[in-house]
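[1] Here is a sequence with its predicted model. Questions after.
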Amino acid sequence: DVKVTQSSRYLVKRTGEKVFLECVQDMDHENMFWYRQDPGLGLRLIYFSYDVKMKEKGDIPEGYSVSREKKERFSLILESASTNQTSMYLCASSHTGGLGAYEQYFGPGTRLTVT
Amino acid sequence: QKEVEQNSGPLSVPEGAIASLNCTYSDRGSQSFFWYRQYSGKSPELIMSIYSNGDKEDGRFTAQLNKASQYVSLLIRDSQPSDSATYLCAVNSGGYQKVTFGTGTKLQVIP
């Protein structure tokens, strides 16, 4: 079974703090994604990566950055947390090509509260 | 703008009935289609993938794809209260890593 893990289930940070969210997958997937999910707005893509050190902006990249130094690990960084970044953050991974291509598997999520 | 549209619901069905969830998409180049189930407070879980026109069955779930009409549906037979969740439709436009998610349909199965 695909397993995607996230570093924290719940996180409380103060405005202006630098926040790191980490995601690890164990299925050798090429692609990794960071989403946020807010009531009524659905899943919104922040950034994704299709290879080590490669990244592409999603729909709402402002205020976020990412890092992918190893294939299995994808980090989301909030440079200076703000209250409007309070949300559920979801990491996902998928592979390209072959059976099950582009099926995304999600981690359990991190509920971040910025006060 | 590539879009995936779903009725937000809630869709209420009695226990044992068939629940029918629908999704339309705008990009005619879409090639891969997925259904996810998301319980409240949890992350989405992949339940079905479908890639060609027609029906695909897996236990109580049947996914139906009609590319000419640009819709994909999910049928849940013998609905159980444990099926109560939000169901997300997702579409991949061939050869690109991203998928576009709908906002989901909330299903309530009434005992």
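    Nice, thanks for sending it over.

[2] can we go C-alpha only for contacts and neighbour counts from here?
    OK.

[3] for chain B, what are the nearby residues on chain A?
    By CA under 8 Å from any CA of the partner chain, the residues of chain A that approach chain B are A:31, A:40-43, A:50, A:90, A:96, A:100, A:102-109.

[4] Contacts only, for residue B:28.
    B:67, B:70 (CA atoms under 8 Å, 6 or more residues apart in numbering or on different chains).

[5] Report the spatially nearest residue to whichever residue of chain B sits closest to chain A, omitting neighbours in sequence.
    In chain B, the residue that lies nearest chain A is residue B:103 (4.7 Å; CA to the nearest CA). Among residues not flanking residue B:103 along the chain, residue A:42 sits closest, at 4.7 Å (CA to CA, 6 or more residues apart in numbering or on different chains).

[6] For that neighbour, give me phi and psi.
    Per-residue torsions, residue A:42: phi 70, psi -160 (degrees, to the nearest 10).

[7] In this structure it contacts residue B:100, no?
    No: the pair residue A:42 / residue B:100 is not scored as a contact, 10.6 Å apart, by CA atoms under 8 Å.

[8] out of these two, which sits in the more crowded spot?
    residue B:100 (19 against 15; other CA atoms under 10 Å in any protein chain shown).

[9] So which elements touch the helix or strand in which that one is found?
    Secondary structure from DSSP states H and E places residue B:100 in strand B:99-101. For strand B:99-101, the packing partners by 3 or more CA pairs under 8 Å, 6 or more residues apart in numbering or on different chains; DSSP states H and E come out as strand B:85-93.

[10] can you list contacts of the strand it packs on?
    Contacts for strand B:85-93 (CA under 8 Å, 6+ apart): A:102, B:4, B:6, B:21, B:23, B:25, B:27, B:29-40, B:44, B:98-108.

[11] Need the buried ones from these selected in PyMOL.
    Buried subset of the contacts of strand B:85-93, written as a PyMOL selection, criterion 16 or more other CA atoms under 10 Å in any protein chain shown:
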select buried, (chain A and resi 102) or (chain B and resi 4+6+21+23+25+30+32+33+34+35+36+37+38+44+98+99+100+101+102+103+104+105+106+107+108)
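
[12] Now chain A against chain B: closest residue?
    Per CA to the nearest CA, residue A:42 is where chain A lies closest to chain B, at 4.7 Å.

[13] secondary structure class for residue A:5?
    Three-state call for residue A:5 (DSSP: H, G, I helix; E, B strand; the rest coil): strand.

[14] give me the low-pLDDT residue ranges for chain A?
    For chain A, applying pLDDT under 70 flags the ranges A:1-2.

[15] picking that back up, for the residue nearest to residue B:103, which residues are in contact?
    By CA under 8 Å, 6+ apart, the contact list for residue A:42 reads B:101-104.

[16] Out of the residues you listed, which two sit at the greatest distance?
    B:101 and B:104 (8.1 Å; CA to CA).

[17] All the strands of the chain, in order from the start?
    No chain specified, so I'll use chain A. Under the criterion DSSP state E, chain A contains strands at A:4-6, A:10-13, A:19-25, A:31-38, A:42-49, A:56-57, A:64-70, A:73-78, A:87-94, A:105-106, A:110-114.

[18] could you do chain B instead?
    Using DSSP E, strands in chain B cover B:4-5, B:11-14, B:19-25, B:30-38, B:45-50, B:54-58, B:61-66, B:71-76, B:85-93, B:99-101, B:105-110.

[19] I appreciate the help and will end here.
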